[in-house]
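# I'd like to go over a predicted model; first the sequence, then the structure.
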Amino acid sequence: MASDRTETRLEPTAWRRLWPFALVAVVTVVGYAVQHGRYYIHFMDDAWVMSWAYNLVNNGTDADTVFRDGTYTIVFGKALQFIYGSFLEVAGWSRVNALRMSTAFVWLSAGLWYGVARELRWTRERALILAFSMVMLDKIVEAGCLCRAEAMVLAWIGAALFAFARGRYLLAGILATAGAETHPMAITACFYILAWTLAHPQRYLADKRRTAKDVGWFVLGCSIGVGWYAALHWEELASGELVRVLKGSASFAAGKRKEWTYLDRHFKWHSKYELLIFVFAAFAWLQQRLWRDNAFPMLAVVCVVISAFLNKRPNGFYAALAFPAFAVMAVHAFGRAKIARAAFVLLLLSFVYQAHGRYTKYPEYVPGASVPTLQKLVPDDGLPVVGMNDFWFAFPDRPFMPGDYDSNIAARLDSKEWRKVYLIDSSFRSNRYVFSRIKSHLRRNFDAEEIGSFDEHGKHKLTVIRYTRR
């Protein structure tokens, strides 16, 4: 479905003038590759989420065996687990390979927003500026450099809105609700769709009969999406596990400064400069009265901010889902002010600067470089392993406990009742306090035997110790 016919179509930009974007594409691809495994070194959630994927594609289960004892069932994310797991079965179970899949979802989302921009009747150049701006905004870069669900959810949201903008209401409804199986925050797609609808009243609200028909198709699609979730998680629904998990999330949020939203948490602690950019863009948008051209950019911002206040479990990672709205508003405002190109170049320089900074902070660090040596050093006897969470990728088929997860570490070790266990004691970017606690607790009931050691990432020593219960 095209935008309102009362809008003025912008003159198309000749493709030969768009060649600089090919260079931008190369820079961004290299920038993401540089930041894979460096944006966050030893990030706990990566091993956590990928362990679910490994269990699903190899064992047919979706239980959490890394952070819990296997009795905790995952009630969301089975599609994510299957897609990532299937890809890693072919490409190899490494953190960098998993991050490549996340980056692919971010780029897919950007491509879908290019399509949305064209439905707004933007020129190709401005639509490309929007798409590349999205992949260079640091919060979205973060999503593409993690194995969490946000990258895939961004793709769900972009697909749902693009389908709705094209008049595919049944498909839009399916995508908007089926995405919530990946993560409940995918429901943010409905807020984007609401903003699109309000921005085009002549198309969606003028003819009541047509409106009822469109709503009917969308609701039917939503019903199919709900059915998709039920088909994948009927056991969790029947057992009441879903209700229990949602109640647990609500109680968790109750003690976490619940007056904050995920946007508050993000802007307060992470990207103040981005907040200044977006505030300036909003001022320019209002000063130029751009709602007369198209109200979607500001309505999208308003709707996602409202969705943030409805979120009962603040999490700064979720802020990535709101950034497409901010990007649309900024590109629209700066484009009308004829500074879009200059702002885009500044964003590109910022992206390169941050990628360079993350590389040079630990230039000796090569993600995954220790894995082959470590796999040779640890005997292939299937015994449990305790170590930094990234080392899970070296031993996905063995019992594993992340040694940097400082939550009841002693009780968790005791609950395993392991007779023998290997401790991978790495001095690179590890929490030495937690590892000293682990070793102190193991020494009480286990005899220690050093298996071997080597230097990783320069002069950082890694030692493998086998503990045998007395």
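Sure, I can see it. Note that this is a predicted model, so its numbers are computed, not measured.

# what's the closest non-adjacent residue to the residue most central in space within the chain?
Residue closest to the mean C-alpha point of the chain, counted by Cα atoms, centre = their mean, is E150 at 2.5 Å. For E150, ignoring the flanking residues on the chain, the nearest one in space by Cβ to Cβ, 6 or more residues apart in numbering is A143 at 4.1 Å. Quick note: C-beta positions are derived from backbone N, CA and C, even for glycine.

# what residues are up against that neighbour?
Contacts of A143 were listed using Cβ atoms under 8 Å, 6 or more residues apart in numbering, and they are S102, V106, E150, A151, L154, F317, A320.

# out of those residues, which one sits closest to W285?
Nearest to W285 out of the contacts of A143 is A320 (Cβ to Cβ; 21.6 Å).

# give me the number of residues near the closest one?
Neighbour count for A320, taken as other Cβ atoms under 10 Å: 28.

# try F21
Using other Cβ under 10 Å, F21 has 17 other residues around it.

# which element is it on?
Using DSSP states H and E, F21 falls within helix 20-35.

# likewise for I277?
According to DSSP H and E, I277 maps onto helix 272-287.

# which strands and helices sit next to that helix?
The contact analysis (3 or more Cβ pairs under 8 Å, 6 or more residues apart in numbering; DSSP states H and E) places helix 272-287 against helix 296-310, helix 323-336.

# other residues contacting that helix?
Residues from elsewhere that reach helix 272-287 (Cβ under 8 Å, 6+ apart): 137-139, 267, 291, 297-298, 301, 326, 329-330, 332-334, 336-337.

# least confident of these?
The pLDDT minimum for the contacts of helix 272-287 sits at F267, where the score is 56.

# the helix holding F21: which residues count as buried?
Neighbour-count burial for helix 20-35 flags F21, V24, V27, T28, G31, Y32, V34, Q35 (criterion: 16 or more other Cβ atoms under 10 Å).

# got the contact list for that helix?
103, 128, 132, 135-136, 141, 144-145, 348, 351-352, 355-356, 358-359.

# narrow those residues to those that are buried.
Buried members of those, scored by 16+ other Cβ under 10 Å, are 103, 128, 132, 135-136, 141, 144-145, 348, 351-352, 355, 358.

# on that earlier part again, what's the angle between the helix holding I277 and helix 323-336?
50 degrees (axes from the mean of the first three to the mean of the last three Cα atoms, to 10 degrees).

# tell me which helix or strand the spatially closest residue to R148 that is not a sequence neighbour sits in.
Nearest residue to R148, sequence neighbours excluded (Cβ to Cβ, 6+ apart): D45, at 5.3 Å. D45 belongs to helix 44-59 when assigned by DSSP H and E.

# ok, and what's touching that helix?
The contact list for helix 44-59 (Cβ under 8 Å, 6+ apart) reads 40, 61-67, 74, 77-78, 80-82, 84-86, 88-89, 93, 95, 98-99, 146-149, 389-390, 392-393, 396-397, 400, 402, 404-405.

# any idea of the mean pLDDT in that helix?
The average pLDDT within helix 44-59 is 90.

# could you point out which element follows it?
By DSSP H and E, the next helix or strand past helix 44-59 is helix 78-91.

# so V366 sits in a helix?
No - per DSSP: H, G, I helix; E, B strand; the rest coil, V366 lies outside any helix segment and is coil.

# what is the burial count for it?
Neighbours of V366 (other Cβ under 10 Å): 13.

# ok, N58 to M388 distance?
Per Cβ to Cβ, to the nearest Å, N58 is found 22 Å from M388.

# higher neighbour count, these two?
Comparing N58 with M388 by neighbour count (other Cβ under 10 Å), the higher total belongs to M388, at 25 against 13.

# that one touches F395, doesn't it?
No - if you go by Cβ atoms under 8 Å, M388 and F395 don't touch, sitting 11.9 Å apart.

# ranges for the strands of the protein?
Here the chain has its strands, by DSSP state E, at 385-387, 400-402, 420-426, 446-456, 460-469.

# work out the sheet partners of the first one and label each with its direction, please.
Each strand that pairs with strand 385-387, with its direction, by DSSP bridges: strand 400-402 (parallel), strand 420-426 (parallel).

# chain center to the longest one, what's the gap?
It stands for strand 420-426. 30 Å (Cα atoms, centre = their mean, to the nearest Å).

# ok and it relative to strand 460-469, angle-wise?
Orientation note: strand 420-426 sits at an angle of 160 degrees relative to strand 460-469 (the same axes, to 10 degrees).

# related to what we said a few turns ago, okay if I get the helices and strands packed on helix 272-287 as a markdown table plus mean neighbour count?
Below are the helices and strands packed on helix 272-287 laid out as a markdown table (neighbours: other Cβ atoms under 10 Å):
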| stretch | mean neighbour count |
| --- | --- |
| helix 296-310 | 20 |
| helix 323-336 | 25 |
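
# what's around E364, how many residues?
Neighbour tally, E364, other Cβ under 10 Å: 11.

# was I right to think it contacts H457?
Yes - assessed by Cβ under 8 Å, E364 is found in contact with H457 at 5.0 Å.

# low-confidence ranges in the stretch 51-200 of the chain?
68-73 (pLDDT under 70).

# just the helices in it please.
78-91, 95-119, 124-136, 138-144, 150-165, 169-182, 188-199 (DSSP state H, counting those that start in this stretch).

# and V378, which of those is closest to it?
helix 95-119 (17.6 Å).
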